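Peer 1: quick check, what structure comes out for this input:
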Amino acid sequence: MSNGRVITVLEAPFMQMVLGAILGDLGFELVGKATNGTTGINLFEETSPDLVFMDLILPDMEAADAIHAITEKHPKAYIVVCTSLGKQKEILDSLKCGAKDFTLKPFTPQSIKEITSKALTSHR
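Peer 2: Predicted coordinates for the structure are as follows:
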């Protein structure tokens, strides 16, 4: 049995692979991957995931715009913004648009476990 359904919206294939492996080890079902915001929004609509991990900066739009597009229709969507250091303003913008949390890259099993535990608790 899965802990939940997840999509990742990350530009870099390596980050997709690393995060997908961590999520799999934690018992989550990765139901889709996107490399840009437009595809991520469409993928959310198609899969109705429990959790979304999304790059703060995407090739076709800012994460805040993609988050707004998703949370406008699905206000309870649990979106986690992924970023490196030094992007505080963009993180705050994303949180204001409906992201529920953020995590720093590079991903670690412990940081992803903490995030997913919060997400599971909020959905119960």
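Peer 1: next, the spatially most central residue of the chain: phi, psi?
Peer 2: Taking Cα atoms, centre = their mean, the centroid of the chain lies closest to F53, which sits 1.3 Å from it. Main-chain dihedrals, F53, degrees, to the nearest 10: phi -110, psi 120.
Peer 1: so it touches Y78, yeah?
Peer 2: No: the pair F53 / Y78 is not scored as a contact, 9.9 Å apart, by Cβ atoms under 8 Å. Yep, even glycine has a C-beta here, placed from its N, CA and C like the rest.
Peer 1: what's the residue nearest to the centre of the chain in contact with, if anything?
Peer 2: For F53, the contacting residues are V6, I7, T8, V9, L10, L19, V80, C82, T103, by Cβ atoms under 8 Å, 6 or more residues apart in numbering.
Peer 1: roughly how far apart are the fourth one and P49?
Peer 2: By that I understand V9. 10 Å (Cβ to Cβ, to the nearest Å).
Peer 1: show me what the longest helix belonging to the chain is packed up against.
Peer 2: The residue-count maximum for a helix in the chain (DSSP state H) belongs to helix 109-123. Applying 3 or more Cβ pairs under 8 Å, 6 or more residues apart in numbering; DSSP states H and E, we find helix 109-123 packed against helix 13-25, strand 101-104.
Peer 1: output the ones you listed in a markdown table, with distance to A64 appended to each entry.
Peer 2: A markdown table is the format used below for these (distance: least, Cβ to Cβ, whole Å):
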| stretch | distance to A64 |
| --- | --- |
| helix 13-25 | 19 |
| strand 101-104 | 12 |
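Peer 1: having no further points to raise, I will conclude here.
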